[in-house]
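In: Can you look at this prediction? I've put the sequence above it.
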Amino acid sequence: METITENGSDGVSLARNTSNNARRGLPMIQTNMKPTDSEFQVCHDDSTPPVRAQTIHELHSLQKKKSTPSTPLSATQGPFATVSDEERQKQQLQSISASLASLTRESGPKVVKGDPATKAEKGTHVHHHPQPHYFASTAFDVSDSALKFTHVLYNLSPAELYEQAIKHEKGSFITATGALATLSGAKTGRSPRDKRVVRDDTTEHDLWWGKGSPNIEMDEHTFLINRERAVDYLNSLEKVYVNDQFLNWDPEHRIKVRIVSARAYHSLFMHNMCIRPTPEELEEFGTPDFTIYNAGQFPCNRYTHYMTSSTSIDINIARKEMVILGTQYAGEMKKGLFGLMHYLMPKRNILSLHSGCNMGKDGDVALFFGLSGTGKTTLSTDHNRYLIGDDEHCWSENGVANIEGGCYAKCVDLSKDKEPDIWNAIKFGTVLENVVFDEHTREVDFSDKSVTENTRAAYPIEYIPNAKIPCVAPHAKNVILLACDAFGVLPPVSKLSLAQTMYHFISGYTALVAGTEDGIKEPQATFSACFGAAFIMMHPTKYAAMLAEKMQKHGATGWLVNTGWSGGSYGLGNRIKLAYTRKIIDAIHSGSLLNAQYTKTEVFGLEIPTALEGVPSEILDPVNTWSDKKAYQDTRLKLASLFKKNFDGFTTYKIGGDQKLTEEIVSAGPIF
């Protein structure tokens, strides 16, 4: 057999077997020859050197650039302090271990960092190599739970949380716009009747208890039972998700929170809804001011004292902790933290508000109060103004600041034409709760209410193009109270005196929109003090007095805007067009509505404009839109009596122990 060696046209040496050439028709590369440098460069035409990996696992490890958030350090160390990676991880895990410590067994699982699936792929068997400095605490008794590992996935990025959700959580999908569609389980709304607050020596006097109060009491012992149940469940899992984040954009009054959860969806939700720390801020995060244990996949023990169902949301102010059992609805975390701020902020003489907020280009600030479904999110999201926030704010001596780092918008019947900013915000990183989408195209049908009417979108506030970052603003110029009037009695807009503003703020009248709370199927007329009674901790008059003080000091004007029905009650009349409401809001912002001619209504004594550009004059006075005038008068008296009955519970309450509400405020209500 004859072997001939020759140089090809490209200078590469080839070995050709003449007896095989005819059969194969291709030259064979000679691999045992050592080419010159020039020959090597010609042969390898790629511009980069070959990948330095010996196994497929090593290759995968090169795919992901390491940028894990830094470990929280003690306050004495600067953000750029020299410390080893091992020491950073130790401090971080010790902090999280302390949060997950068991109360009764004085021990917990060994906490390690990272995804166990990733470790398994690399062939690392962490269970066989315990590291002593990862222990939660020095244990006097060792239980089985202390012999297992719980992997902590700490402050993961949205992309990482997408991977976790899609891989491990059934019902998680990427929609056509890149948002993550998830399911919240059996509960698709809040469960206010299952919320409990520990009543102790401090909260006994500070909090609002009794008739009308949202604060349903529980004792310390029962809280600890539920806490132990939640922590035991979280410790039994192979991995948990931990978020360390902030509340309140005002740096002087910022609150540090830690959220420990079992679902990637919950971690991404809170990543969006809370304020996201920088890596430097995480290094100095330290001990959180408040911790949430979300074990919502696991039910509470119904036979435990104070329990009325398998769901329980418990807050302990003294321990600075919140426990969630028996509900996976993410909104419970958001509103639980809001309740916390309703306690902490007034203690600092800062008014906490369930409101939207935006600012004009000239610095004029407007607050929007209203319950879910009144249009608070929609109206505060105005592309002609800077968005400060859509739901939760604080009004301090520095001005108005957003509590959150994201928006939680209702998206039932969402359309690009009506709400373009919210529509465009539903993209990668956004969490879509309980929506229905096309199986093939993954396009969401926002009109489909098969799962629930309370479909939601949670996205970072910077997804709104005109959001002001940081989310702080000067003092408010206009205070707008939104009411979705199911009776069709209230005018589309009314200018309020200070006393009327306090009266309607305390009353908080609106219609409870279907699907917002568990068990509500159709809209119902309701009164919710301060437009958020389910979340306030102190008596409504405390917040109302603070609001009046702020408005008087900074010269703010109060407005009552009805986004509900006109021409009849719900089922007979029609809902006021959003376009008209926007014209009204624009006139408030510009100041032109202050200069309008006004007339006073009977019974409610509301001042309504006689004309407003862009709005039909006949709808400004609701009596004009009713064909049956007698029915209107009867309905108006019915609603007025409901207002009076509701307010009777507030007339005898004393502010500060000795100051009663004035007759001026009481007389600001309906008179008949």
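Out: Structure's in. What do you need?
In: how about the strands in the stretch 201-350 of the chain?
Out: Under the criterion DSSP state E, counting those that start in this stretch, strands of the stretch 201-350 of the chain are mapped to 217-218, 239-247, 255-261, 290-295, 312-316, 321-325.
In: strand partners of the last one, parallel vs antiparallel please.
Out: Paired with strand 321-325 in the same sheet, following DSSP bridges, are strand 290-295 (parallel), strand 312-316 (antiparallel).
In: Give the closest residue to the most centrally placed residue in the chain in space, chain neighbours not counted.
Out: Among the residues of the chain, the one closest to the centroid is residue 273, at 3.4 Å (C-alpha atoms, centre = their mean). Nearest non-adjacent residue to residue 273, counting by C-beta to C-beta, 6 or more residues apart in numbering: residue 406, 4.4 Å away. Glycine gets a C-beta too; all of them are placed from N, C-alpha and C.
In: Isn't the one you found up against residue 276?
Out: No: if you go by C-beta atoms under 8 Å, residue 406 and residue 276 don't touch, sitting 9.0 Å apart.
In: Overlap in contacts, the two.
Out: Common contact partners of residue 406 and residue 276 (C-beta atoms under 8 Å, 6 or more residues apart in numbering): residue 460.
In: Between these two, which is the more surrounded one?
Out: Using other C-beta atoms under 10 Å as the criterion, residue 406 and residue 276 rank with residue 406 on top: 31 against 19.
In: Can you name the residues that contact that one?
Out: Residue 406 is in contact with 272, 273, 274, 458, 459, 460, 461, counting by C-beta under 8 Å, 6+ apart.
In: So which of these are in helices?
Out: Using DSSP state H, 272, 273 are the members of those that sit in helices.
In: coming back round to it: dump the strands paired with strand 321-325 to a markdown table, plus mean neighbour count.
Out: Shown next, in a markdown table, are the strands paired with strand 321-325 (neighbours: other C-beta atoms under 10 Å):
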| stretch | mean neighbour count |
| --- | --- |
| strand 290-295 | 25 |
| strand 312-316 | 26 |
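In: In CSV: those strands, plus distance to residue 252 and mean pLDDT.
Out: Output for the strands paired with strand 321-325, formatted as CSV (distance: least, C-beta to C-beta, whole Å; pLDDT from 0 to 100):
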stretch, distance to residue 252, mean pLDDT
strand 290-295, 18, 98
strand 312-316, 24, 97
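In: Output those in CSV, with distance to residue 585 appended to each entry.
Out: CSV is the format used below for these (distance: least, C-beta to C-beta, whole Å):
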stretch, distance to residue 585
strand 290-295, 35
strand 312-316, 34
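In: just checking, what's the longest helix in the protein?
Out: For the chain, the helix that runs over the most residues, judged by DSSP H, is helix 629-647.
In: mind saving the C-alpha coords of that helix as CSV?
Out: Extracted as CSV, the C-alpha positions of helix 629-647 are listed here (Å, rounded to 0.1, in the frame of the first residue of the first chain):
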residue,chain,number,x,y,z
LYS,A,629,-86.0,61.7,39.0
LYS,A,630,-87.9,60.2,41.9
ALA,A,631,-85.7,57.1,41.8
TYR,A,632,-82.6,59.3,41.9
GLN,A,633,-83.9,61.2,45.0
ASP,A,634,-84.7,57.9,46.8
THR,A,635,-81.4,56.4,45.9
ARG,A,636,-79.6,59.5,47.1
LEU,A,637,-81.3,59.4,50.5
LYS,A,638,-80.5,55.7,50.7
LEU,A,639,-76.8,56.3,50.1
ALA,A,640,-76.8,59.3,52.5
SER,A,641,-78.3,57.1,55.3
LEU,A,642,-75.5,54.6,54.7
PHE,A,643,-72.9,57.3,55.0
LYS,A,644,-74.5,58.5,58.3
LYS,A,645,-74.7,55.1,59.7
ASN,A,646,-71.1,54.3,58.8
PHE,A,647,-69.8,57.5,60.3
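In: any low-confidence regions in this structure?
Out: Across the chain, the ranges flagged by pLDDT under 70 are 1-53, 56, 59-83, 85, 105-107, 119-147, 511-523, 654-662.
In: how's it carved up into domains?
Out: Domains of the chain are assigned by the TED database as 158-350+396-472, 477-668.
In: Between these, which one is closest to residue 390.
Out: Closest to residue 390 of the domains of the chain is domain 158-350+396-472 (C-beta to C-beta; 4.5 Å).
In: on that earlier part again, Serialize the strands of the stretch 201-350 of the chain to JSON lines and add fields for distance to residue 363.
Out: Shown next, in JSON lines, are the strands of the stretch 201-350 of the chain (distance: least, C-beta to C-beta, whole Å):
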{"stretch": "strand 217-218", "distance to residue 363": "44"}
{"stretch": "strand 239-247", "distance to residue 363": "25"}
{"stretch": "strand 255-261", "distance to residue 363": "27"}
{"stretch": "strand 290-295", "distance to residue 363": "33"}
{"stretch": "strand 312-316", "distance to residue 363": "37"}
{"stretch": "strand 321-325", "distance to residue 363": "37"}
